[in-house]
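1. Here's my sequence, what's the structure:
(one chain, ligands or ions: 1)
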Amino acid sequence: MTHPQVQHPPVDPPKVVSRAAVMRQLCRLYPQARYLEVGVWRGVTFDKVPAARKVAVDPVFKLDPPHHERDEPGTEFHEVTSDDYFARVVGRDEQFDVVFLDGLHVYEQTLRDLMNTLDHLAPRGVVVVDDTHPPTHLAALPDRAEHFAVRDYLGETDKRWMGDIYKLVWFVQTFCPHLTYRTIADNHGQTVLWRKSRTDVPERSLREVADLGFEQMVVAEDVLQLRPWHEIRRELRRDLGL
Ligand SMILES: C[S@@+](CC[C@H](N)C(=O)[O-])C[C@H]1O[C@@H](n2cnc3c(N)ncnc32)[C@H](O)[C@@H]1O
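-> Predicted coordinates:
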């Protein structure tokens, strides 16, 4: 007996929301958006973000054309580390609506960037931290040189390196009850944070956060609060009245 062939409906590939799309959509929520990007590299994201004021921070820009040849009203380029920028360059009263943290991919540095950012975040502002959901143990190795050595040793072709920034989400969950956060499920993993108090604050020591391994991250993945981007956008708009 022959079976009739079952026609399955075509399955759409999962849609991946790009870094630039996230930043663009966030900036559009503010009439005169003030945008700060820490870690700009070639400007792949920065150049695609429309904002009234744009500030780029990176100790080594790889922009083409280079930053000193650009004349873009409302845009500033600071070729310094994020620590230098926050310590010496940013105006005391400067505020940003959208901040993208994508600099040195190490937990403690990104945590410093987040703490410094909060001092300059507008009351209804939003912060996006890149690379908080590493796909493999290899991608999550905190030391970049070790990551390269292990990658070569294994003959691994996957080039993604995210470091241990995921620990920052555990830090925020434990020590920043005034912040609400969600991690984008339909891209490489970016955590979006805004001001809204939470009551679900677990007890955890600083050491536990610092020692959190990739395996523990996988087992407790719900801490990341993974959600589709369109849901996160809706939620933050409601919470911030945007
Ligand atoms: C992943 S790239 C940024 C990519 C960019 N945001 C984009 O979307 O195309 C990381 C950048 O961080 C910069 N960086 C490294 N250490 C930094 C620091 N301490 N402060 C700021 N930026 C840093 C590097 O020079 C590099 O250009």
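2. Tell me which other helices or strands the longest strand seen in the chain touches.
-> If you go by DSSP state E, the chain has its longest strand at strand 121-130. Under the contact definition 3 or more CB pairs under 8 Å, 6 or more residues apart in numbering; DSSP states H and E, strand 121-130 sits against helix 19-27, strand 96-101, helix 107-118, strand 190-195, helix 229-240. C-beta: built from backbone N, CA, C; applies to glycine.
3. give me every residue that touches the closest residue to A210 other than its chain neighbours.
-> With CB to CB, 6 or more residues apart in numbering as the criterion, A210 has its nearest non-adjacent residue at 6.7 Å, and that residue is K167. Going by CB atoms under 8 Å, 6 or more residues apart in numbering, K167 touches 107, 209-210, 212.
4. Could you do R160 as well?
-> 134-136, 139, 188.
5. which SSE is it in?
-> R160 belongs to no helix or strand when assigned by DSSP states H and E.
6. Pull up the per-residue confidence for it.
-> At R160, the model reports a pLDDT of 89.
7. That one and the ligand: what is the separation?
-> R160 is 11 Å from the ligand, where distance means CB to the nearest ligand atom, to the nearest Å.
8. Next: T174.
-> 25 Å.
9. Could you double-check that that residue sits in contact with D200?
-> No. In this structure T174 lies outside contact range of D200 using CB atoms under 8 Å: 10.6 Å.
10. how many other residues sit next to A20?
-> Around A20 sit 15 other residues, with neighbours defined as other CB atoms under 10 Å.
11. For it, which non-adjacent residue is spatially closest?
-> With CB to CB, 6+ apart, the residue lying closest to A20 is K48, at 4.0 Å.
12. Same check on Y30?
-> Counting by CB to CB, 6+ apart, the residue nearest Y30 is D97, at 4.4 Å.
13. Neighbours of E94, how many?
-> The burial count for E94: 14, using other CB under 10 Å.
14. I'd assumed E76 was in contact with H67.
-> No. If you go by CB under 8 Å, H67 and E76 don't touch, sitting 9.2 Å apart.
15. of the two, who's got more company?
-> Neighbour comparison, H67 and E76: the larger count goes to H67, with 17 against 13 (by other CB under 10 Å).
16. Tell me the residues of this protein that contact the ligand?
-> The interface of the chain toward the ligand, taken as CB under 6 Å from any ligand atom, is made up of 19, 37-41, 44-45, 57-60, 81-82, 102-104.
17. Out of the residues you listed, which sit inside strands?
-> Among the residues of the chain next to the ligand, the members that lie in strands (by DSSP E) are 37-38, 57.
18. just to revisit the earlier point, using a markdown table, please lay out the contacts of K167 together with distance to A52, neighbour count and secondary structure.
-> Listed next are the contacts of K167 as a markdown table, based on distance: CB to CB, whole Å; neighbours: other CB atoms under 10 Å; DSSP: H, G, I helix; E, B strand; the rest coil:
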| residue | distance to A52 | neighbour count | secondary structure |
| --- | --- | --- | --- |
| Y107 | 32 | 19 | helix |
| V209 | 37 | 19 | helix |
| A210 | 39 | 13 | helix |
| L212 | 39 | 20 | coil |
